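>>> When you get a sec, could you give me coordinates for this:
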Amino acid sequence: ATRECWDRPALSDFRKSTITYRELAERVYTLDLIWKKAGLKPGDKIAINTKSCALGASVFMAAVSKGYVAVHLYNAFTPADTQRLVNHSDSKILYTEKRTFDEMNFDEMPQVLCVIDAGTGKVLASRNGVDQLYAQADALLAADFPAGMKPADFKVSDPDIDDVCAILYTSGSTGNPKGVMLTYRNYTANVQVIRPGFPFHPRENYLSLLPHAHSFGLTCDVVIPMTMGMHVTVLGIPPIPSNVQAAMQEVKPRIFYGVPLIFVKFAEYVLGDDIKSPEGKAKLSDYKHNPDFCKMLHDKLLAAMGGNIEVFATGGAAIPSEVESLLVYKLQLPFITGYGLTELAPIVSYGKLGKYIPKSCGEYLPEIMECKIDSPDPENIAGELLVKGDQVFKGYYKNPEATAQVLVDGWFHPGDMGTIDKDRNVFLLGR
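Sure, this is the predicted structure:
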C-alpha cells in the first residue's frame, strides 16, 4: 500500500499536520537507520507511551516493518508504572510525552538509549550520542537517496511469521506485569478476517477514535486501514460528542468503531431533545407505529456523522439494553457488536449487518480459529469460552507462570463465561 499510494496522505492529526505515504516511508527508513547506528538489532524493543497520534502510529509501523518489537504502553499509566514497564520490556528507545518523562528517572532506565517527546519529536534524553543520530536524520536520508526516495526504494524486513512484533501491556501496577506478545501471524489473521467484513476501501478517509495502546484501536484504527492505503486521521483529543461530530463532518468515514459509551454520549448529544421530550419518549415507546419519527432520528444521527457511515461497530464492553433498543430496533441503524481480547490481537467474533441478534457478540471466525465452550451443553449451559488459532498470542513477556495459566495445549483460557449457538454466535455472561 505504501508504494502504491506514494504521494497520497497517510496519517493526520485532526486539524494539525499530515504526512503522505512517501513521508511515512522516509520516516520508517530513517528511524531504522538511526536505530541500527545506535546498535539496535532485530527484536529489540521500541516503547511507545503516548496518546493516540500520527507520530506514535508511524513509529509503530517503523518498528514492526523493520523487524523490531513495538511496545505499547497506555498513556494513562502513572510515570512510575510507565518507567517500571519500560524496564520490564527491555526497551531501548522510548517515545513519550514530556510531562510524563519529567516525572521519570532516566538514570533508573539504564538500557534506554534515547527518549523522544512524541508531541514535538525532540530528544528529551539520550546516551552514547544517539541524540546526534536523531539530529542528523535528514542528512542520513539524503546521503542514501540524493535524488529522493522512490517507491521501489521502500522495503520491509522479512521476519518469520511467528516472530513477536508487538507487546501490549494490559496492566500497570496490579500484580506481575502482563506484556502480551503478539506476532506477525496474529496481526495477519486479524487483517484476513476483519477487513472483508467492513467497508474499508483503498485510498478513502478513515477516522481513528480508539486508543492505539489498546488492541482494538491498534488493529482496527491503524493496522487494517493502512494496509489498504487509506488516509487515517487520528482524533487525538477527548472523544466528547462535539469533537467527534466535528471530525466526522470533515473526514466523512464509512466506519465508526467505538466503545459503547461513545455511542451513548453521541446519540444523546445529537438526539437529546428529540428522544427525551415527553412526546419523543411516547413515540419511541410505540416506535412501530411511528416510522416517520424514527426515520427522522435515523437520518439526523447519520447526517451528524458526516453522511457516509455504513456501519457502527462496538466492542470492549457490554452495550446497555436501552441503547441497543434505540439504535438497532427503533432507529434501525447499521449496528453490529463484536468481542475481542488483547491476547487475540483482538478478534474473536463480530456480527453481520442485517443479522443482528440481541446480546450476541456476533459469530466467531472459523477461518482462523477454533472456539468452544467448556460445558456439557454449550448452547444452553454456560462455560468458559476457549479459543485456539492463528490469532492466539505467544505468551506474556517474561511471565511464564501467567502464560501457563491461560495457554493450555494451545487453547487460550480468557476466563470469560458464555454460550455458543449452532450458528457460531457467541453470548457472554460474565467472568
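>>> Could you use CA atoms for every contact and neighbour count after this?
Noted.
>>> So for the lowest-mean-pLDDT helix or strand in the chain, what gets flagged as buried?
The helix or strand of the chain with the poorest confidence is helix 321-324; it has a mean of 82 (mean pLDDT, DSSP states H and E). Neighbour counts over helix 321-324 (16 or more other C-alpha atoms under 10 Å) mark 323-324 as buried.
>>> ok, and what's touching that helix?
Val264 (C-alpha atoms under 8 Å, 6 or more residues apart in numbering).
>>> Can I get that helix in CSV? Just the C-alpha atoms.
Coordinates of each C-alpha in helix 321-324 appear next as CSV, following Å, rounded to 0.1, in the frame of the first residue of the first chain:
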residue,chain,number,x,y,z
SER,A,321,-30.1,-2.7,26.6
GLU,A,322,-31.8,0.7,26.2
VAL,A,323,-29.1,1.8,23.8
GLU,A,324,-29.3,-1.4,21.9
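>>> Could you look up the next helix or strand downstream of it?
Per DSSP states H and E, the first helix or strand lying C-terminal to helix 321-324 is strand 335-340.
>>> Direction included, what does that following strand pair up with?
According to DSSP bridges, strand 335-340 has the following sheet partners: strand 311-314 (parallel), strand 347-350 (antiparallel).
>>> State the pLDDT value of the nearest residue to Glu343 once chain neighbours are set aside.
Leaving aside its sequence neighbours, Glu343 sits nearest to Phe393 (C-alpha to C-alpha, 6 or more residues apart in numbering; 5.2 Å). Looking at Phe393, its pLDDT stands at 98.
>>> Adjust the sequence numbering to begin at 50 for everything that follows.
Okay, using 50 as the starting number, the last item reads as Phe442.
>>> burial count for Phe442?
26 (other C-alpha atoms under 10 Å).
>>> what helix or strand is it on?
For Phe442, there is no enclosing helix or strand under DSSP H and E.
>>> Okay, it and Pro407: tell me how far apart.
29 Å (C-alpha to C-alpha, to the nearest Å).
>>> For Lys404, what is the enclosing helix or strand?
Applying DSSP H and E, one finds Lys404 in no helix or strand.
>>> so Glu152 makes contact with Thr127?
No - with contact defined as C-alpha atoms under 8 Å, Glu152 does not count as touching Thr127 (9.1 Å).
>>> So which of these two has more stuff around it?
When neighbours are counted by other C-alpha under 10 Å, Glu152 and Thr127 differ, and Thr127 comes out ahead with 15 against 12.
>>> Show me where the stretch 100-249 of the chain has its strands.
118-121, 140-145, 163-166, 172-175, 213-218, 228-232 (DSSP state E, counting those that start in this stretch).
>>> okay, those strands in JSON lines with distance to Leu182, mean neighbour count and mean pLDDT next?
JSON lines is the format used below for the strands of the stretch 100-249 of the chain (distance: least, C-alpha to C-alpha, whole Å; neighbours: other C-alpha atoms under 10 Å; pLDDT from 0 to 100):
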{"stretch": "strand 118-121", "distance to Leu182": "20", "mean neighbour count": "28", "mean pLDDT": "98"}
{"stretch": "strand 140-145", "distance to Leu182": "13", "mean neighbour count": "24", "mean pLDDT": "98"}
{"stretch": "strand 163-166", "distance to Leu182": "10", "mean neighbour count": "22", "mean pLDDT": "98"}
{"stretch": "strand 172-175", "distance to Leu182": "10", "mean neighbour count": "17", "mean pLDDT": "98"}
{"stretch": "strand 213-218", "distance to Leu182": "24", "mean neighbour count": "26", "mean pLDDT": "97"}
{"stretch": "strand 228-232", "distance to Leu182": "29", "mean neighbour count": "27", "mean pLDDT": "97"}
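>>> Looking at those, spot the one closest to Pro195.
strand 172-175 (25.8 Å; C-alpha to C-alpha).
>>> on contacts alone, who are the packing partners of the host helix or strand of Asp341?
Per DSSP H and E, Asp341 falls inside helix 340-353. Packing partners of helix 340-353 (3 or more C-alpha pairs under 8 Å, 6 or more residues apart in numbering; DSSP states H and E): helix 290-300, helix 309-325.
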